[in-house]
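K.L.:
Provide a 3D model corresponding to the input given below.
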Amino acid sequence: VEYNIGVTNGFEDATEYAAPAPKRGATSGHTLPLLPYDRGMGWTMMYLRKARMKKLDADVRSAVVDARSLWQKKLLTRFFKKEGETVGATANASVPFADAAATDTAYVPPESPAGEQFAGSHTHFLNNATYDAANIEIAAEHLQEHGHQAPFDLIAARADAATVKAIVGYKQPEWPGVIYRATTDRAGQSENISDFFGYIESIYGLIRVWLTPRVPTAYYGLYKSYGPGDPRNPLRVRVDPNIGFGFNLVPCNWINAPQQMAVAYTEFVVGVGEDRVNGVCMYVNAGAYTTPTVS
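P.N.:
Predicted coordinates for the structure are as follows:
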């Protein structure tokens, strides 16, 4: 993944005989390591001959649950992870969001559309002692100042649901079939609300709230979604074109597992996309940000 980084570029006063100084845009980049994952189905010829359909259904459902769990954990782990990752023999080849040049000394966020310039010390891994509206708006500002516009998405711990609901500006969603009279404590249906637990109105725009038990308490993240396949999204998934996207059920002779009739297999990795400022991670604590353990 290669992308533009901040560089001192600009126009200069033109003179009759002097040629302008040549200036080129600077780029940086990172790579993602493909990692293999497999899961035995526990099927043998004797088992398949004797198993009831209910048992086979349970086996398949269990594999699907494990696949979804792996997918979610890898996505959330990379989002909240402050450290870089080694690819082959290269340390910090896969990098996090803007981290004050800790993993890439050449990285400087590009100048914003509004003209704001940033230094290499700019970071999107923050800490704040108070879980309130001002805290949320600090994170939202870190997106807005780079040209990202609301609505934003907030990932928070389900354990902090009551805290999030108490934030000034929080609005519960309206539910289909329920009539709300004149009220200011509800947010209208802007889209399918099944995935969201509510909304926060901030000075930087609307923030959609998503709660998950996989994120530990006192952590939350904020990002801007541009829809599937858009390179501006915060995370990117690399897959092996020979394996394909998702999980495959392969026979045992494809891999070193002759004792099983089938194995669920995949190769993929989750990394930060080319926009390393489309993600803000917050640790609500007096101490510095540390990478959480995603369950």
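
K.L.:
gap between the residue nearest the centre of the chain and K55?
P.N.:
By C-alpha atoms, centre = their mean, the chain has its centre lying nearest to F79, at 4.1 Å. According to C-beta to C-beta, to the nearest Å, F79 stands 37 Å off from K55. Quick note: C-beta positions are derived from backbone N, CA and C, even for glycine.

K.L.:
and the end-to-end length of stretch 146-155?
P.N.:
20 Å (C-alpha to C-alpha, to the nearest Å).

K.L.:
I meant stretch 111-120, not that one.
P.N.:
Start-to-end, stretch 111-120 (C-alpha to C-alpha) is 12 Å.

K.L.:
cool, and stretch 161-170?
P.N.:
With C-alpha to C-alpha, one end of stretch 161-170 sits 11 Å from the other.

K.L.:
what does stretch 142-161 give?
P.N.:
Start-to-end, stretch 142-161 (C-alpha to C-alpha) is 23 Å.

K.L.:
report the distance from that stretch to the chain centre.
P.N.:
Mean C-alpha position of stretch 142-161 versus that of the full chain (C-alpha atoms, centre = their mean, to the nearest Å) differs by 11 Å.

K.L.:
remind me which residues of this structure are low pLDDT?
P.N.:
Scanning the chain for pLDDT under 70 picks out 8-9, 174, 176-195, 252-260.

K.L.:
all the helices of this structure, residue numbers only.
P.N.:
Under the criterion DSSP state H, helices of the chain are mapped to 45-50, 53-80, 133-144, 161-165.

K.L.:
the third one packs against which elements?
P.N.:
Packed against helix 133-144 by the contact rule (3 or more C-beta pairs under 8 Å, 6 or more residues apart in numbering; DSSP states H and E) you find strand 125-127, strand 152-157, strand 198-202, strand 205-212, strand 219-223, strand 280-283.

K.L.:
reformat these as CSV; add mean neighbour count and distance to F268.
P.N.:
Formatted as CSV, the helices and strands packed on helix 133-144 follow (neighbours: other C-beta atoms under 10 Å; distance: least, C-beta to C-beta, whole Å):
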stretch, mean neighbour count, distance to F268
strand 125-127, 18, 25
strand 152-157, 22, 20
strand 198-202, 21, 32
strand 205-212, 19, 20
strand 219-223, 24, 20
strand 280-283, 25, 22
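
K.L.:
want to try JSON lines for those strands, with distance to V269 as columns?
P.N.:
Listed next are the helices and strands packed on helix 133-144 as JSON lines, based on distance: least, C-beta to C-beta, whole Å:
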{"stretch": "strand 125-127", "distance to V269": "21"}
{"stretch": "strand 152-157", "distance to V269": "20"}
{"stretch": "strand 198-202", "distance to V269": "32"}
{"stretch": "strand 205-212", "distance to V269": "21"}
{"stretch": "strand 219-223", "distance to V269": "19"}
{"stretch": "strand 280-283", "distance to V269": "19"}
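
K.L.:
great, nothing more from me.
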